[in-house]
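Engineer: have a look; sequence and predicted model below, questions after that.
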There are 2 protein chains.
Amino acid sequence: MQRKGCKRPLKSPRRRRASATDGTGMSRTDGERPTGQVQTVELSRSQVDFPGETYSVSVLKVGYCLPQTDGTFRADGTVTLITGPRTVLVDTGGAWDRDFLLASLRERGLEPADVELVVGTHGHSDHIGNLGLFPTAVTIVGHDVSRGDTYRPNGLAGGHAYVVDEHISVVPSPGHTGQDVSVQVRGTSAGTVLVAGDLFECCSDEGSWQHLSMNTAVQEVSRQEALRTADVIIPGHGLPFRVLRN
Amino acid sequence: MQRKGCKRPLKSPRRRRASATDGTGMSRTDGERPTGQVQTVELSRSQVDFPGETYSVSVLKVGYCLPQTDGTFRADGTVTLITGPRTVLVDTGGAWDRDFLLASLRERGLEPADVELVVGTHGHSDHIGNLGLFPTAVTIVGHDVSRGDTYRPNGLAGGHAYVVDEHISVVPSPGHTGQDVSVQVRGTSAGTVLVAGDLFECCSDEGSWQHLSMNTAVQEVSRQEALRTADVIIPGHGLPFRVLRN
């Protein structure tokens, strides 16, 4: 796929609406950065692994969304594996591609039972189709944190991050649905990687993400926060992209 | 469990907000009924099968939501099977109870491949945990209709029912999330059965459903519409209940 670059205006965090800001929760642990233009650069199909001393992030499947001539869409969500002290899977793809997911884990020496935390960034069928492979994992889908049938109170709905450890946080990033979350991995060799679900469709999604959003104003705030804090963003239906700031 | 009865005010459909009404889509094929008080009567654990000449509806698992002393909740969603000319599963429960679901289907002579349509009433983990058992079924989760990775445009997001046939419709019933759907089965011996997901938590949920709702005003409209049109409601976390109107 062609490498694409696009400039996005990065709004001042101080101009964000307070209510929507509370919904993102992504700024709590990051310092203020200067405002200005931000450039996003799509990476190539060979640039889907982001090693790190503590945690490494690997895209197992690059999501896609392809309109067909008969009016349908062929689509699947990005599937991402985080390995290190904990093994975390972010999104599980659609139910039809269970065998691909199993094979991808096995290629990395993993069985489903080795995955300790499974995160569904939101409850759409192309992202949570294979939750059933991980019956014993801690599971986060949207704002719900559970293990087995035990659901644990948490602060996601209130805009607070669910901190896995000092490197990994699950952060609210609402807009595409009302309960989206993203997974923020700090300290990789590429900097902070944000596994963002459908907060971003792909690198160059200006003009398309809005049609899929339940609340474009809230999602815009979440997107700006992501662009302010992440060095690499892994979107829900496209290749990872770098975020370059002035 | 004790049988419980409660009276609910049934508002006039004409008083509903236009925007919210458009989101429910449940009135399009049903005639107007007189307004007045409506009474809901919870059925017993032995009253979970609703036979019909064309379609029969069976609750495979009665959902629950039980607060624990340590602040957690134990919860699972109701799982319902519709059999007849087509085999339809409504909600799949949590990932941890895959074997129960497989065994329940087998008790009825069914393998997962026999299920033609799987409906996730909404994308919460206690309702869509086992979608992966049905990779070849037509799948509806919220507003998305798909088979494999092919997503088909439909009217659910616009408030229109997805008509399976003259007896079964998937109808928008938003509020608990922004994209909830319910499954309406007409012509059973108990009348019209509505498999409602978390539109209703249980029969006597006044004072509790609001805390779990993303939009109580919209959900209230969806609930009133359900109470106006259904004879039996199968809620997301409790026993089925009858709807008795004056």
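Structural biologist: That came through fine.

Engineer: thought A:Ala190 was touching A:Phe50?
Structural biologist: Yes - applying CB atoms under 8 Å as the test, A:Ala190 and A:Phe50 come out as touching, 4.6 Å apart. All C-beta atoms are positioned from the backbone trio N, CA, C, and that covers glycine.

Engineer: overlap of the contact sets of these two?
Structural biologist: A:Val232 (CB atoms under 8 Å, 6 or more residues apart in numbering or on different chains).

Engineer: with neighbour numbers in mind, choose between the two.
Structural biologist: Higher neighbour count among A:Ala190 and A:Phe50: A:Phe50, with 23 against 19, using other CB atoms under 10 Å in any protein chain shown.

Engineer: ok, that one touching A:Leu194?
Structural biologist: No - the criterion here is CB under 8 Å, and A:Phe50 misses it with A:Leu194 at 10.9 Å.

Engineer: anything in contact with each of these two?
Structural biologist: A:Val185, A:Val232.

Engineer: buried sites along stretch A:159-174?
Structural biologist: For stretch A:159-174, burial by neighbour count (16 or more other CB atoms under 10 Å in any protein chain shown) applies to A:Gly159, A:Ala161, A:Tyr162, A:Val164, A:His167, A:Ile168, A:Ser169, A:Val170, A:Val171, A:Pro172, A:Ser173, A:Pro174.

Engineer: swap that for stretch A:176-194, sorry
Structural biologist: Buried, per 16+ other CB under 10 Å, within stretch A:176-194: A:176-188, A:190-194.

Engineer: contact partners for A:His122?
Structural biologist: Contacts of A:His122 (CB under 8 Å, 6+ apart): A:Ile128, A:Val141, A:Gly142, A:His176, A:Thr177, A:Gln179, A:Asp180, A:Val181, A:Gly197, A:Asp198, B:Gly123.

Engineer: quick one, phi/psi of the second one?
Structural biologist: Backbone geometry at A:Val141, expressed as degrees, to the nearest 10, gives phi -120, psi 120.

Engineer: surely it meets B:Gly120?
Structural biologist: No - under the criterion of CB under 8 Å, A:Val141 makes no contact with B:Gly120, lying 11.3 Å away.

Engineer: what is in contact with the two at once?
Structural biologist: Common neighbours of A:Val141 and B:Gly120 (CB under 8 Å, 6+ apart) are A:Gly123, B:Ile128.

Engineer: so what's the nearest residue to A:Tyr151 once chain neighbours are set aside bridging to?
Structural biologist: Sequence neighbours aside, B:Phe73 is the residue nearest to A:Tyr151 in space, at 4.5 Å (criterion: CB to CB, 6 or more residues apart in numbering or on different chains). Taking DSSP bridges as the rule, B:Phe73 bridges to A:Tyr151, B:Pro67.

Engineer: got a list of what B:Phe73 touches?
Structural biologist: A:Thr150, A:Tyr151, B:Cys65, B:Leu66, B:Pro67.

Engineer: neighbours around the first one, how many?
Structural biologist: By that I understand A:Thr150. Count around A:Thr150 with other CB under 10 Å applied: 16.

Engineer: excluding chain neighbours, what is closest to it?
Structural biologist: Per CB to CB, 6+ apart, closest to A:Thr150 is B:Thr72, 5.1 Å.

Engineer: leaving out the residues flanking it, which one is nearest to the residue positioned nearest the centre of chain A?
Structural biologist: Centroid-nearest residue in chain A, with CA atoms, centre = their mean: A:Ala196, separated by 2.0 Å. Nearest residue to A:Ala196, sequence neighbours excluded (CB to CB, 6+ apart): A:Ser182, at 4.5 Å.

Engineer: sketch out the low-pLDDT regions of chain A for me.
Structural biologist: By pLDDT under 70, the low-scoring segments of chain A are A:1-36.

Engineer: and the residue nearest to the centre of chain A, how far is that from chain B?
Structural biologist: Separation of A:Ala196 from chain B (CB to the nearest CB, to the nearest Å) stands at 17 Å.

Engineer: for chain A, longest helix please?
Structural biologist: Assignment by DSSP state H gives helix A:216-229 as the longest helix of chain A.

Engineer: and that helix, what does it pack onto?
Structural biologist: strand A:5-10, helix A:18-24, strand A:36-42, strand A:191-195 (3 or more CB pairs under 8 Å, 6 or more residues apart in numbering or on different chains; DSSP states H and E).

Engineer: check contacts around the residue in chain A positioned nearest to chain B.
Structural biologist: Chain A approaches chain B most closely through A:Gly123 (1.7 Å), counting by CB to the nearest CB. A:Gly123 makes contacts with A:141-142, A:177, A:179, B:120, B:122-125, B:128, B:141-142, B:177, as judged by CB under 8 Å, 6+ apart.

Engineer: mind doing that once more with 7 Å?
Structural biologist: Residues in contact with A:Gly123 (CB atoms under 7 Å, 6 or more residues apart in numbering or on different chains) are A:Val141, A:Gly142, A:Thr177, B:His122, B:Gly123, B:His124, B:Ile128.
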